[in-house]
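Visitor: structure here, sequence nowhere to be found:
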């Protein structure tokens, strides 16, 4: 459970990232945040694992206010909140399995991790998670030998290996083509349902938000301008969120559109 | 047809730029005139006559090496290569922490970071021979002084190159590791080292090539290696032996350059 109580964030350069956000995200929900770029979507999700620090208010994650956390406490929070990035952020020169097991770093002692002495259970966990995203045949390949979709799947496996209770995904499909995007979203959705992991995803594609979300939160200028279940959402809702008519570029297209170009 | 008619839009002309360029050109002309007139008025043209005499007397002897001394020369060349190797090794290891200190994305305080950069600049300002003399005086003549000299001069350059490598890494990976709760040491080993170590090694190898050439002259001031022999043979006008030394140096440097280039290609 994540609770934002009057959370605001002003960046050092004076930009207001978040304005008095009040919202509650329940355990196991799949929430998609939509909004134009610069609307504060990234700031919103990066507050949850404190990659950015809100300047005002109270942000409760699993019952604890996380805003004052630092050092060891902060690292402990981050081990329970996994994050997926637009550019996958894998170490290009390292193997798939090494990238995946780096999800365990927060749970592993410094010396053990430096000498690659992971417990058998951790290695098994990493391999099982690679199997879940169907990457088990590539475990010894270097990350930069993989396609974008495959890299994002490895990064999902890395997050799962962390055994988080919350997954944050910051524009996870913005660099992918439509079929691969659907594949990645399907994996995220499946993990959310099977493991009951609360998932917050930033997207700017309306059709994908509608297809995968339980609940949609719309943001504009650092404020929440819409919050509702997916069946309450109409095209008009998005026009309100975006404050302009919907365009072609706001849509990702269906899975079958370009399935010929799949991996 | 179209090609002939096409013209790029005219370049904007600025009088200020023209005046500036004219002034620069004028200053250059004056400097060149001054420099050449000075050289021409003071030159001693008799050297031209001596030149052909010297060339016909010495060059054939250089090209006709005296193979009798090959054993001694080989031994000293090996010593030279080992001085370069040990010195580069010291520098390559020592430069790692200093590289991190001088890398802008690794040190939070800009002032502290600038100190790191300055320290490396300071190290690079010492000319090799001056440092070599210093070490010959402090630890005595011999290979050890040479190793220290190479180590200390290379480390400044390697530190700067390492810092640039570190500044060019993908910080997103570091962010990903921070986001999964890794501590600083773990981030170093999992996100930073895999990105920088191949380049570090490549620069160290390149520096080794440079250091072999540098260590051949260290002997001039008694810091070990083949340099001492070069000075002695030149002083004795033993051109046959000097020819052997020069040829041996060229061969060794070429072989090591070739191998190290091959290795470096495979690294990155």
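Guide: That came in fine, so what should we check first? None of the values given here were measured: they were computed from a predicted structure.

Visitor: ok and the residue in the stretch 151-263 of chain A nearest chain B?
Guide: residue A:162 (5.2 Å; CB to the nearest CB). (Each C-beta comes from the backbone N, C-alpha and C, glycine too.)

Visitor: give the helix, strand or coil label for the residue in the stretch 1-150 of chain B that chain A sits nearest to.
Guide: Residue nearest to chain A within the stretch 1-150 of chain B: residue B:108 (14.2 Å; CB to the nearest CB). Secondary structure assignment for residue B:108 (DSSP: H, G, I helix; E, B strand; the rest coil): coil.

Visitor: okay, now it: neighbour count?
Guide: By other CB atoms under 10 Å in any protein chain shown, the residues close to residue B:108 number 7.

Visitor: residues touching it, list them.
Guide: Contacts for residue B:108 (CB atoms under 8 Å, 6 or more residues apart in numbering or on different chains) come out as none.

Visitor: got phi/psi on it?
Guide: The phi and psi values for residue B:108, taken as degrees, to the nearest 10, are phi -70, psi -40.

Visitor: and for residue B:222?
Guide: For residue B:222, the backbone dihedrals (degrees, to the nearest 10) come out as phi 90, psi 20.

Visitor: residues in contact with it?
Guide: B:136, B:141-142, B:145, B:228.

Visitor: residue A:217 contacts residue A:224, correct?
Guide: Yes: Residue A:217 is in contact with residue A:224 according to CB atoms under 8 Å; the separation is 5.9 Å.

Visitor: was I right about the residue of the stretch 151-263 of chain A closest to chain B contacting residue A:104?
Guide: Yes: using CB under 8 Å, residue A:162 and residue A:104 qualify as a contacting pair, with a distance of 7.1 Å.

Visitor: who touches the spatially closest residue to residue B:138 that is not a sequence neighbour in this structure?
Guide: Once flanking residues are discounted, residue B:138 sits nearest to residue B:145: 7.9 Å by CB to CB, 6 or more residues apart in numbering or on different chains. Shown in contact with residue B:145 (CB under 8 Å, 6+ apart): B:132, B:135-136, B:138-139, B:218, B:222-224.

Visitor: what subset of the residues you listed is buried?
Guide: B:132, B:135-136, B:218, B:222-224 (16 or more other CB atoms under 10 Å in any protein chain shown).

Visitor: pLDDT for those - can I get that in CSV?
Guide: Putting the buried ones among the contacts of residue B:145 into CSV (pLDDT from 0 to 100) gives the following:
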residue, pLDDT
B:132, 90
B:135, 91
B:136, 91
B:218, 87
B:222, 82
B:223, 82
B:224, 82
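
Visitor: please identify the next secondary structure element, helix or strand, after the helix or strand harbouring the residue nearest to residue B:138.
Guide: According to DSSP states H and E, residue B:145 maps onto helix B:143-167. Counting by DSSP H and E, the element after helix B:143-167 in chain order, helix or strand, is helix B:171-179.

Visitor: show me what that next one is in contact with.
Guide: Helix B:171-179 is contacted by residues A:49, A:51, A:78, A:81-83, A:85, A:87, A:89-91, A:102, A:105, A:155, B:105, B:186-187, B:190-192, B:195 when judged by CB under 8 Å, 6+ apart.

Visitor: that helix: what's the following helix or strand?
Guide: As assigned by DSSP H and E, the chain's next helix or strand after helix B:171-179 is helix B:184-187.

Visitor: show me what that following helix is packed up against.
Guide: When contacts are defined as 3 or more CB pairs under 8 Å, 6 or more residues apart in numbering or on different chains; DSSP states H and E, helix B:184-187 sits against helix A:110-114, helix B:171-179.

Visitor: in whatever helix or strand comes next after the shortest one, what counts as buried?
Guide: Think helix A:110-114. Sequence order places helix A:120-132 as the next helix or strand after helix A:110-114, per DSSP H and E. Neighbour counts over helix A:120-132 (16+ other CB under 10 Å) mark A:122, A:125-127, A:129-130, A:132 as buried.
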